[in-house]
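Novice: got a sequence here, can you model it:
(one chain, ligands or ions: 1)
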Amino acid sequence: MPKPIVAVPADIRELDGALWHATPNQYVQAALKVAEVMSFIIPAFEEGNEIDAILDRVDGVLVSGSATNVHPSLYGREARDSDGPFDPARDATSLPLIRSAIDRGIPLLAICRGIQELNVALGGTLASEIQEQPGTWDHRKPDVPHRDDMYAIRQPVFVREGSCIANHLGLSGEVQVNSLHRQAIAETAPRLRVEATAEDGTIEAVSVIDAKNFAVGVQWHPEYWAETDAPSRALFKAFGDAVRTYAARKALASVAA
Ligand SMILES: N[C@@H](CCC(=O)NCCCC(=O)O)C(=O)O
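Specialist: The predicted model follows:
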């Protein structure tokens, strides 16, 4: 059976004077090597996306992290300079993709910016520059030259027993993760359940209440060490299994039709 396919909404990046639709290798490599699924990078457009046409052709959605932030207007806030940089094309592609994947029961794994998009897509809000809040750690990307050190596993999060995330990770309680974010969930969307938090209260994982399929978001980056870190590997394997099951059921349904 061919590998199933997941949609990965792209970022807009400028390189050599041109705009690129891009996603970092770490996400699509973890998808291929650990989840054993193929990634189709979805170009990011502010208008013209055919979300259902995309979802008709994939078996899962993987929403990556990004240095850009969800535009505050999407959660009812005025945009301040400190809330940027922005990527409106990514927002316009990713948020409807998330909503429709949940509605259609297509497996969804949302990472870092992805969990923030998931929260906003379902009606929640975000806090910016969380490190400036009293009692909140500095969760930002470490100011170091090497990427492996930026994504170093360096903080504990506490996973709720019996949660979806605990089931997917294969464990609950304290899990060591990496951390590269300035924003976080402020008001949790009504359809989301908080499933892991940092010691400072920062929300680190959520699941969709009454989801038809695998539908979780994490604030950390399991993709980066997915081949070597046990909880990261388990999460990507669980996502891949959900995607394969969805693909098999879709194939059966098309034969039966
Ligand atoms: N921009 C958001 C989400 C952070 C995120 O996705 N980080 C991963 C990329 C890190 C980088 O390359 O800078 C936030 O800051 O909260």
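Novice: what about the longest helix in this protein?
Specialist: Taking DSSP state H as the criterion, the chain has its longest helix at helix 230-256.
Novice: so E204 sits right up against T197, yeah?
Specialist: Yes - using C-beta atoms under 8 Å, E204 is in contact with T197, at 5.7 Å. In short, each C-beta sits where N, CA and C put it, glycine included.
Novice: the residue lying closest to S100 once chain neighbours are set aside and W20, how far apart?
Specialist: Excluding its sequence neighbours, the residue lying closest to S100 (C-beta to C-beta, 6 or more residues apart in numbering) is I51, at 5.1 Å. Noted for I51: a distance of 22 Å to W20, by C-beta to C-beta, to the nearest Å.
Novice: how about H139?
Specialist: Relative to W20, H139 is positioned 27 Å away (C-beta to C-beta).
Novice: more neighbours: which of those two?
Specialist: Neighbours were counted for H139 and for W20 using other C-beta atoms under 10 Å; H139 has more, 21 against 12.
Novice: the more buried one belongs to a strand, doesn't it?
Specialist: No - under DSSP: H, G, I helix; E, B strand; the rest coil, H139 falls outside any strand and is assigned coil.
Novice: tell me who's in contact with it.
Specialist: Neighbour list for H139: 130-131, 155, 179-182, 184, 198, 202, 219 [criterion: C-beta atoms under 8 Å, 6 or more residues apart in numbering].
Novice: repeat for A230
Specialist: Here A230 is in contact with G170 (criterion: C-beta under 8 Å, 6+ apart).
Novice: from the chain's centre, how far out does stretch 80-94 sit?
Specialist: Stretch 80-94 sits 15 Å away from the centroid of its parent chain (C-alpha atoms, centre = their mean, to the nearest Å).
Novice: and R13, which of the three is it?
Specialist: Going by three-state DSSP: R13 is strand.
Novice: correct me, but it touches T23?
Specialist: No - applying C-beta under 8 Å, one finds R13 not in contact with T23, separated by 9.4 Å.
Novice: middle-most residue in the chain, spatially?
Specialist: A110 (1.8 Å; C-alpha atoms, centre = their mean).
Novice: where does it fall, phi/psi-wise?
Specialist: Note on A110: its backbone torsions stand at phi -120, psi 130 [degrees, to the nearest 10].
Novice: and for E204 and T197, which residues touch both?
Specialist: Counting by C-beta under 8 Å, 6+ apart, the contacts common to E204 and T197 are V157.
Novice: look at these two and report which has more neighbours.
Specialist: Taking neighbours as other C-beta under 10 Å, E204 and T197 compare with E204 leading, 28 against 16.
Novice: do you know how far that one is from F158?
Specialist: Taking C-beta to C-beta, one finds E204 at 8 Å from F158.
Novice: what sits in contact with each of those two?
Specialist: Contacts common to E204 and F158, judged by C-beta under 8 Å, 6+ apart, are 196-198.
Novice: next step: these restricted to helices.
Specialist: Going by DSSP H, the helices hold none of those.
Novice: which of those residues lies closest to V8?
Specialist: A196 (23.1 Å; C-beta to C-beta).
Novice: contacts only, for that closest one.
Specialist: 157-160, 163, 165, 175, 203-205, 218.
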